[in-house]
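In: coords please:
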Amino acid sequence: MSRDIYDIAIIGAGPAGMAAAIEADRRGASVVLLDEQPRPGGQIYRNVGIATPRQREVLGQDYAKGDALVTALERSGAKHLSDITVWQITGTGRIAYSRKNQAEQLEARQVIVATGATERPVPLPGWTLPGVLTAGAAQILMKSGGLVAEDAVLVGSGPLLYLIAAQMVAAGSPPKAMIETQTGSDLQAAMKHLGGALRGWRYLAKGLSLIAQLKRAGVRRYTGAGDIKVLGSDRAEAVSFTWKGRELRIETDTVLLHQGVVPNTQITRSLQLDHRYEEDQRCFVPVTDTFGLSSSPIVSVAGDGAGIGGAAVAALSGQLAALGALHRLDLITNETFETSSAPILETRAKELAVRPFLDRAYPPSQQTLKPVDTTIICRCEEVTAGDIRRYAALGCKGPNQAKAFGRSGMGPCQGRYCGLTVTEILSAENGISQQETGALRIRSPIKPVTLGELAAYQEEEHA
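Out: Numbering: from 1, shown residues only. Reported below is the predicted structural model:
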């Protein structure tokens with residue numbers, strides 16, 4: 001097992017990670033970029049470097065923008081470690097990872113966590129049935145293998161639903177219907193942020209264009225839907241819901257769920273960094289400064305992992321995190337730091353102007369935040385929402401205590417699919433804030449690792 005030392009280590013090769021690596025490398029730092037995927041791009045630009053002309057046509061111009069970052073990264077001197085699993089990061093900058101079942105480790109003077117976002121869990125009746133997956137997972141299939149779901153029903157809320165639906169239309173397999181949970185009241189409440197939204201008018205124009213495409217394609221939309229259930233015995237067979245006072249049912253064997261995305265905080269939680277509950281986005285985010293520096297002097301967080309902003313904002317944040325790290329390492333002067341960061345900060349502020357409007361117009365549904373008792377919320381351990389409410393009645397105050405009551409969050413995913421829901425339910429039942437309720441504590445290894453890899457790691461530690 002080797003142990004190399006770098007100026008800056010970056011976790012995640014999405015737009016934030018790539019931009020950070022490019023910026024740090026061109027200013028003379030020794031840089032290593034670690035990523036789980038075989039190719040750079042992250043989820044948003046997955047496989048963009050090898051996408052076929054047909055895939056580019058279906059996925060659109062925004063997807064193709066990732067080409068520039070991938071090309072710049074490949075031309076840089078940054079060391080890119082792909083197909084690896086990072087399973088431990090220490091507060092001293094030591095990173096343990098596995099590649100081809102072989103444990104490795106390296107050290108860095110500064111660490112930039114750019115692990116992006118993950119889709120918010122959508123616990124509703126029937127969501128564990130075969131045939132039900134997230135909308136983002138369906139998009140990954142399009143990017144990875146050109147596979148498009150047929151006669152799918154999209155369920156949930158958020159701009160990404162429109163993009164994926166439009167991509168399905170472009171691929172010749174339009175959704176059977178879209179069942180949306182946002183309401184007219186949500187849009188009305190968002191109007192107080194209209195000024196910022198107009199500054200980001202290109203995003204609004206894009207959204208309206210996508211909706212127009214869906215209308216021309218004849219995709220049925222049901223907005224303000226509630227009481228959504230996926231029906232079926234051995235697999236998904238239909239979706240039932242209420243809409244304008246009526247109970248409706250749509251037959252389908254493929255259901256794509258989406259209620260927005262939230263920061264992936266597994267690594268930042270494992271480092272015990274400070275986090276705060278973000279009311280607008282209904283999730284926890286790491287506490288960072290303007291340049292992504294966390295409560296640790298050597299760890300920065302860039303991109304959607306520090307708060308949802310989208311691909312363009314992620315790339316800008318990656319540049320800023322790199323500049324901040326370079327400045328702390330005395331690899332750039334104060335003047336260079338200030339003059340280089342000023343235009344990036346200005347551009348990022350413009351790109352973020354539309355976010356308050358979008359966050360308020362497309363909130364996660366109350367059914368998602370407060371699922372009915374019979375709904376499974378911890379898929380690993382089959383814990384229901386009713387179980388969590390019973391734990392609260394017995395005195396359970398937080399998700400870590402809930403582990404002792406019923407193992408929620410103790411499965412292989414370490415709470416990725418249930419953590420936020422457990423916090424929301426306990427907060428509501430106990431009448432305390434989500435911040436006070438807290439989030440699941442994450443321990444290493446962050447991802448599954450074999451005993452052999454751990455043994456090799458320990459041997460190196462004590463060598």
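In: Please identify the buried residues of stretch 26-46?
Out: 29-37, 39-46 (16 or more other C-beta atoms under 10 Å). Heads up, the C-betas are built off the backbone N, CA and C, glycines and all.
In: And for stretch 62-69?
Out: 63, 65-66, 69.
In: Let's see which of these end up in helices.
Out: 63, 66, 69 (DSSP state H).
In: what would those residues look like in JSON lines with distance to Trp127?
Out: Shown next, in JSON lines, are those (distance: C-beta to C-beta, whole Å):
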{"residue": "Tyr63", "distance to Trp127": "27"}
{"residue": "Gly66", "distance to Trp127": "30"}
{"residue": "Leu69", "distance to Trp127": "34"}
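In: Quick check: of those, which lies closest to Leu214?
Out: Tyr63 (18.1 Å; C-beta to C-beta).
In: any idea how far Leu248 lies from Tyr362?
Out: Leu248 sits 21 Å away from Tyr362, going by C-beta to C-beta, to the nearest Å.
In: Who has more neighbours out of those two?
Out: Between Leu248 and Tyr362, Tyr362 has the larger neighbour count (other C-beta atoms under 10 Å), namely 24 against 14.
In: Now do the contacts for that one.
Out: Listed by C-beta atoms under 8 Å, 6 or more residues apart in numbering, the contact partners of Tyr362 are 157-159, 182, 186, 260.
In: same question, Asp151
Out: Applying C-beta under 8 Å, 6+ apart, the residues near Asp151 are 173, 175-176, 252-254.
In: Looking at the buried residues of stretch 62-69, which one is closest to Ile50?
Out: So of those, ranked by how close each gets to Ile50 (C-beta to C-beta), first place is Gly66, at 11.6 Å.
In: The closest one is in contact with Ile44, isn't it?
Out: Yes: counting by C-beta atoms under 8 Å, Ile44 is a contact partner of Gly66 at 6.9 Å.
In: hey, what's in contact with both of those two?
Out: 15, 311.
In: Inside helices: which ones of the contacts of Tyr362?
Out: 159, 186.
In: Can you select the buried ones from the contacts of Tyr362 in PyMOL?
Out: Of the contacts of Tyr362, the buried ones can be selected in PyMOL as follows, counting by 16+ other C-beta under 10 Å:
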select buried, resi 157+158+159+182+186+260
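In: Take the contacts of Tyr362 and write them to CSV, including distance to Thr118.
Out: What follows is those, written out as CSV (distance: C-beta to C-beta, whole Å):
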residue, distance to Thr118
Ser157, 16
Gly158, 14
Pro159, 17
Gln182, 21
Asp186, 23
Gly260, 11
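In: how near is Gly292 to Val31?
Out: Counting by C-beta to C-beta, the gap from Gly292 to Val31 is 16 Å.
In: swap that for Gly49, sorry
Out: 19 Å.
In: so where is the stretch 1-150 of the chain shaky, pLDDT-wise?
Out: 1-3 (pLDDT under 70).
In: Just the pLDDT at Gly452, thanks.
Out: Listed pLDDT for Gly452 reads 81.
In: Double-check that it belongs to a helix.
Out: Yes: under DSSP: H, G, I helix; E, B strand; the rest coil, Gly452 sits within a helix.
In: tally of neighbours for it?
Out: 12.
In: swap in Arg246?
Out: With other C-beta under 10 Å as criterion, Arg246 counts 8.
In: got the contact list for it?
Out: So Arg246 contacts nothing (C-beta under 8 Å, 6+ apart).
In: returning to that earlier point: would you turn the buried residues of stretch 62-69 into a markdown table with distance to Asp373?
Out: Output for the buried residues of stretch 62-69, formatted as a markdown table (distance: C-beta to C-beta, whole Å):
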| residue | distance to Asp373 |
| --- | --- |
| Tyr63 | 41 |
| Lys65 | 45 |
| Gly66 | 43 |
| Leu69 | 46 |
